[in-house]
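J.: Next one to model:
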Amino acid sequence: MVRTSKPVVCPSVFSGIEVIVNQETPHHQDPGASPSFDDLLVSLSKANQAILYLPDLGAELGYPPGTMVYIAGKVLEHRVPG
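T.: Coordinates of the predicted model:
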């Protein structure tokens, strides 16, 4: 344990964090994101073999546990079905 009288500041390159747990996500774009920034999507399951759909690109990507994908979430529509 570290004890200090000064506040600890942890700078981050991220402007926000959203956690979605064991949920499907319908087609959407991220309204609060910046069009020039990428969103990091991470699959952290032990058993789920999900598919990430990017209809604007006509792409269906395997989204197994441990996958990390950067997308422009405000620009590209995306979803992960249940």
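
J.: Going by C-alpha atoms from here, please, whenever you check contacts or count neighbours.
T.: Will do.

J.: quick one, strands of the protein?
T.: For the chain, applying DSSP state E gives strands covering 25-28, 39-42, 50-54, 59-63, 68-71, 78-80.

J.: now for these, which one comes closest to I17?
T.: For I17, the closest of the strands of the chain is strand 39-42, at 9.6 Å, according to CA to CA.

J.: how much space between the most centrally placed residue in the chain and G73?
T.: Compute the mean C-alpha point of the chain, and by CA atoms, centre = their mean the closest residue is L41, 2.6 Å away. Separation of L41 from G73 (CA to CA, to the nearest Å): 9 Å.

J.: Also S43?
T.: S43 is 16 Å from G73, where distance means CA to CA.

J.: hang on, the earlier thing: can you tell me which of the strands of the chain is packed in deepest?
T.: Ranked by average neighbour count under the criterion mean count of other CA atoms under 10 Å, the strands of the chain are headed by strand 78-80 at a mean of 19.

J.: quick one: that one to chain centroid distance?
T.: Taking CA atoms, centre = their mean, to the nearest Å, one finds strand 78-80 lying 10 Å from the centre of the chain it belongs to.

J.: what's the answer for stretch 34-53, then?
T.: Using CA atoms, centre = their mean, the offset of stretch 34-53 from its chain centre is 4 Å.

J.: in the sheet, who's paired with the residue nearest to the centre of the chain?
T.: V69 (DSSP bridges).

J.: quick one, which of S43 and G73 is more surrounded?
T.: More neighbours surround G73 than the other of S43 and G73, with 22 against 18 (other CA atoms under 10 Å).

J.: Contact partners for the more buried one?
T.: Q29, D30, A33, P35, D38, D39 (CA atoms under 8 Å, 6 or more residues apart in numbering).

J.: give me the beta-bridge partners of the residue nearest to P26 when sequence neighbours are not counted?
T.: Leaving aside its chain neighbours, P26 sits nearest to R79 (5.2 Å; criterion: CA to CA, 6 or more residues apart in numbering). Going by DSSP bridges, R79 is paired in beta bridges with Y53.
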